[in-house]
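*Asks:* Okay, predicted coordinates and the sequence, questions at the end:
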Amino acid sequence: MPDVSDSRHHVLEALLHTAADVDALEPDSVLEDGWIKEAVSRSGMKFRWARLSESRERENRDIQRRPPADPARLVPRPPVVTIMGHVDHGKTTLLDSLRKSQVAASEAGGITQHIGAFLVQLPSGERITFLDTPGHAAFSSMRARGANATDIVVLVVAADDGVMAQSVESIRHARTAGVPIIVAVNKCDKPAAAPERVKQELLAHDVVCEQFGGDVQAVHVSALKGENLLALAEATVALAELLELKADPSGPVEATVIESRTDKGKGPVTTAIVQQGTLRKGCVLVAGKTWAKVRFLFDEHGRAVKEAGPGAAVQVVGWKELPSAGEQILEAETEHRAREAVEWRSFQEEQEKLQEEQRAVEAKQQQHQEAYRREREPLAHLSWRQRKAALYRANRQKAAVRPSERQESRQLALPLIIKGDVDGSVETILNILDSYDAHEQCQLELVHFGIGDVSENDVSLAETFSGEASVLAMFEVTAGKKKVPVAGCRVQKGQLDRRLKFRLTRGRETVWEGSLSALRHHKDDVQAVKVGMECGLSVDAAVDFRVGDVIVCYEELEAPQATAWDPGF
Ligand code: GDP
């Protein structure tokens with residue numbers, strides 16, 4: 001295994017040969033596909049896109065909502081009411097008065113606890129559940145969680161103040177939630193009260209009260225003095241009847257968390273409004289990513305209750321962790337199922353988080369590509385020649401960092417020098433080469449282009465190597481009457497084959513090119529000498545060998561090679 005830092009360096013070096021701006025790369029930079037391909041190819045390796053191993057499909061073990069209840073089992077349930085309205089119009093006072101009306105009637109002795117909701121029972125026996133967190137934030141946050149615990153909105157408008165900004169906002173909230181409104185025209189005890197004006201003002205907001213031929217009930221009350229509250233409660237019950245609020249008290253429980261907090265003595269407690277089924281001690285419940293085995297149920301008077309049916313608000317004790325307000329409560333058959341459901345939900349959340357991260361990565365990638373495009377834009381005004389020359393210069397600088405890299409590549413590569421008589425023809429050829437797309441079969445490396453004849457310098461740019469030996473010693477042998485110079489060599493790479501062409505180089509200079517006249521290993525004439533072996537060789541011309549010269553053997557082959565590239569002609 002290569003050292004990690006080595007491989008990192010190698011990757012960085014390979015990237016120098018791509019269009020990537022290596023200096024600008026950061027640990028979390030996203031590389032373009034093209035750069036990765038090129039870096040892998042230039043490292044002499046083949047690339048293959050691998051699929052990210054996908055996590056195995058996990059079976060959905062969530063708890064599902066119950067199917068719609070059998071109509072035969074439906075029974076009327078109390079409406080759940082939210083009080084809304086402009087600040088200081090009397091919401092809190094109204095709730096207090098309504099609660100007090102119950103305290104007096106109950107045997108509990110006047111102690112009520114805030115649990116987020118309370119029940120109002122009319123002398124006729126009808127019941128209404130009031131959510132006692134007035135204000136829009138609570139209503140909207142519940143709605144944002146998809147919980148629509150409210151059946152009716154009581155809109156409190158002060159008769160001495162009229163319709164104000166938050167009154168209008170309340171109307172809008174109720175409308176979006178599809179919840180009908182009852183207007184409580186409050187503070188009617190005040191001398192300045194003008195309840196008729198309030199109802200008129202409401203017309204402008206499409207709240208048409210009964211006296212104007214609409215279906216909205218308006219009740220004149222005094223929350224402070226507790227006047228006409230029964231009429232308000234009766235109007236609410238009448239509307240509830242119209243709405244035919246019914247539920248199935250049997251079957252699995254469905255409820256909504258309306259409030260949750262950690263109690264010093266009881267631990268995590270929630271107030272739940274039951275929608276379907278009947279909540280009892282011992283029920284196993286799931287809400288969000290937590291679950292409960294119900295230990296106790298309490299009402300708003302702090303009394304332990306045995307059960308709570310649809311429309312009732314009840315405090316639930318027994319949660320493992322605290323669920324959030326607005327979360328849906330579903331009953332599980334067993335504790336095991338509850339745990340499974342919670343695990344599944346956590347898993348789902350993790351997956352969503354991962355997907356979100358993936359989307360962030362993709363967005364970053366796009367940004368990067370955009371930046372790359374912008375970086376290239378300054379070259380746009382240049383002529384094709386200047387542009388190509390600029391890119392070529394930039395690439396050559398990068399290539400200079402690791403000159404041996406190209407030779408090490410096992411990938412087939414064709415270095416090209418394009419020379420033409422006039423600009424136009426060179427450009428045409430370059431444009432055609434631009435369309436080259438068979439890089440996997442053979443890389444095209446545009447080493448140089450320009451106008452004029454191919455020069456010696458051009459060729460040395462394009463040098464390629466195969467096999468190779470260095471001259472260790474020179475001596476002369478006498479063959480007949482002639483003295484023939486012989487180079488004693490050791491083969492460093494590949495093999496020397498006497499049938500092939502040879503080139504003798506000294507530094508960057510080519511001293512001679514041609515064929516061998518003799519190749520010997522010890523005393524024997526041989527066809528080929530392999531790597532590591534020593535040999536003596538003489539050539540077909542008078543050459544003055546020197547120690548350090550390099551002899552390269554190469555083959556001139558003519559083989560038609562087809563690539564997938566279709567240049568279009
Ligand atoms: P909220 O901001 O809507 O909850 O309004 P509050 O219930 O806090 O009431 C604001 C003020 O109006 C308080 O000083 C109450 O005493 C007063 N108030 C509420 N209802 C009535 C009412 O029916 N008559 C009169 N005269 N004052 C009221």
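*Replies:* Nice, thanks for sending it over. Numbering: from 1, shown residues only.
*Asks:* alpha carbons only for contacts and neighbour counts from here, please
*Replies:* Will do.
*Asks:* I'd guess residue 369 is in a helix, am I close?
*Replies:* Yes: when DSSP: H, G, I helix; E, B strand; the rest coil is applied, residue 369 is found to be in a helix.
*Asks:* Just give me the neighbour total for the residue nearest to it when sequence neighbours are not counted.
*Replies:* Of all residues not flanking residue 369 in the chain, residue 32 sits nearest, at 7.6 Å (Cα to Cα, 6 or more residues apart in numbering). By other Cα atoms under 10 Å, 15 other residues sit near residue 32.
*Asks:* quick one, phi psi at residue 96?
*Replies:* Per-residue torsions, residue 96: phi -60, psi -50 (degrees, to the nearest 10).
*Asks:* From residue 14, how far out is it?
*Replies:* Residue 96 sits 76 Å away from residue 14, taking Cα to Cα, to the nearest Å as the criterion.
*Asks:* which of those two has more neighbours?
*Replies:* Comparing residue 96 with residue 14 by other Cα under 10 Å, the one with more neighbours is residue 14, at 23 against 16.
*Asks:* So this protein: which segments form each domain?
*Replies:* For the chain, the structural domains run 12-43, 78-244, 253-375, 413-463, 466-554, going by the TED database.
*Asks:* Go through the ones you listed and name the closest to the ligand.
*Replies:* Closest to the ligand of the domains of the chain is domain 78-244 (Cα to the nearest ligand atom; 3.3 Å).
*Asks:* how much distance is there from whichever strand or helix holds residue 366 to the middle of the chain?
*Replies:* According to DSSP states H and E, residue 366 maps onto helix 335-376. Taking Cα atoms, centre = their mean, to the nearest Å, the mean C-alpha location of helix 335-376 is offset from the chain mean by 3 Å.
*Asks:* which secondary structure elements does that helix contact?
*Replies:* Judged by 3 or more Cα pairs under 8 Å, 6 or more residues apart in numbering; DSSP states H and E, helix 335-376 is in contact with strand 284-287, strand 290-298.
*Asks:* The domains of the chain into CSV, with extra columns for distance to the ligand and mean pLDDT?
*Replies:* Converted to CSV, the domains of the chain look like this (distance: least, Cα to the nearest ligand atom, whole Å; pLDDT from 0 to 100):
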stretch, distance to the ligand, mean pLDDT
domain 12-43, 52, 78
domain 78-244, 3, 89
domain 253-375, 19, 91
domain 413-463, 73, 65
domain 466-554, 91, 76
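*Asks:* just the helices and strands packed on helix 335-376: most buried one?
*Replies:* strand 284-287 (a mean of 26; mean count of other Cα atoms under 10 Å).
*Asks:* Run the chain-centre distance for that one.
*Replies:* Relative to its parent chain, strand 284-287 has a centroid offset of 30 Å by Cα atoms, centre = their mean.
*Asks:* contacting residues around that strand?
*Replies:* Applying Cα atoms under 8 Å, 6 or more residues apart in numbering, the contact partners of strand 284-287 are 291-294, 323, 327-335, 338, 341-342.
*Asks:* 10 Å instead?
*Replies:* Identification of contacts with strand 284-287 by Cα atoms under 10 Å, 6 or more residues apart in numbering yields 62-63, 252-257, 279, 291-295, 318-319, 321-339, 341-342.
*Asks:* So how do I select the buried members of these in PyMOL?
*Replies:* A single PyMOL command is used to select the members of the contacts of strand 284-287 judged buried by 16 or more other Cα atoms under 10 Å:
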select buried, resi 62+63+252+253+254+255+256+257+279+291+292+293+294+318+319+322+323+324+325+326+327+328+329+330+331+332+335+337+338+339+341+342
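*Asks:* Which other helices and strands does the strand or helix carrying residue 552 contact?
*Replies:* According to DSSP H and E, residue 552 maps onto strand 550-554. Packing contacts for strand 550-554, counted by 3 or more Cα pairs under 10 Å, 6 or more residues apart in numbering; DSSP states H and E, involve strand 468-479, strand 482-493, strand 495-497, strand 501-506, strand 509-514.
*Asks:* and the angle from that strand to strand 501-506?
*Replies:* 160 degrees (axes from the mean of the first three to the mean of the last three Cα atoms, to 10 degrees).
*Asks:* So in that sheet, which strands flank strand 550-554, and in what orientation?
*Replies:* Paired with strand 550-554 in the same sheet, following DSSP bridges, are strand 468-479 (antiparallel), strand 501-506 (antiparallel).
*Asks:* just checking, next helix/strand downstream of the helix or strand containing residue 9?
*Replies:* Using DSSP H and E, residue 9 falls within helix 4-15. Downstream of helix 4-15, the next assigned helix or strand under DSSP H and E is helix 33-42.
*Asks:* Which positions within that following helix qualify as buried?
*Replies:* Counting neighbours by 16+ other Cα under 10 Å, one finds that the buried residues in helix 33-42 are 35, 36, 37, 38, 39, 40, 41, 42.
*Asks:* doesn't residue 445 make contact with the fourth one?
*Replies:* No: with contact defined as Cα atoms under 10 Å, residue 38 and residue 445 do not form a contacting pair (11.9 Å).
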